[in-house]
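Enquirer: need a structure here:
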Amino acid sequence: MRRHQATKQWKGRELIDFLATRGILIRSPSYRGVAEEAPGAYKDVTTVVDAADEAG
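Expert: Reported below is the predicted structural model:
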């Protein structure tokens, strides 16, 4: 997902609060930066590794 898409889908403050309920604490000077790096913004690592493995 592109960073711009991530910032439209997630709000930094809400993400910080949600992750805090799961025991994950984030310190960042920018809510936008937090939204850009939201866990859901990344592809599933297993899918990526499998594709790379199949590609050789």
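Enquirer: Any stretches of the protein with poor pLDDT?
Expert: Along the chain, the model assigns pLDDT under 70 to residues 1.
Enquirer: rerun at 90
Expert: 1-10, 32-45, 56 (pLDDT under 90).
Enquirer: Report the central residue of it.
Expert: A38 (2.1 Å; Cα atoms, centre = their mean).
Enquirer: quick one, what contacts that one?
Expert: For A38, the contact set (Cβ atoms under 8 Å, 6 or more residues apart in numbering) comprises 6, 9-10, 15. Heads up, the C-betas are built off the backbone N, CA and C, glycines and all.
Enquirer: Now do it against R13, distance only.
Expert: 12 Å (Cβ to Cβ, to the nearest Å).
Enquirer: Check Y42 too.
Expert: Noted for Y42: a distance of 20 Å to R13, by Cβ to Cβ.
Enquirer: With E54 instead?
Expert: Using Cβ to Cβ, E54 is found at 40 Å from R13.
Enquirer: Look at these two and report which has more neighbours.
Expert: R13 (11 against 7; other Cβ atoms under 10 Å).
Enquirer: so what's that one closest to, chain neighbours aside?
Expert: Y31 (5.4 Å; Cβ to Cβ, 6 or more residues apart in numbering).
Enquirer: before we move on, what about S30?
Expert: Of all residues not flanking S30 in the chain, G12 sits nearest, at 7.2 Å (Cβ to Cβ, 6+ apart).
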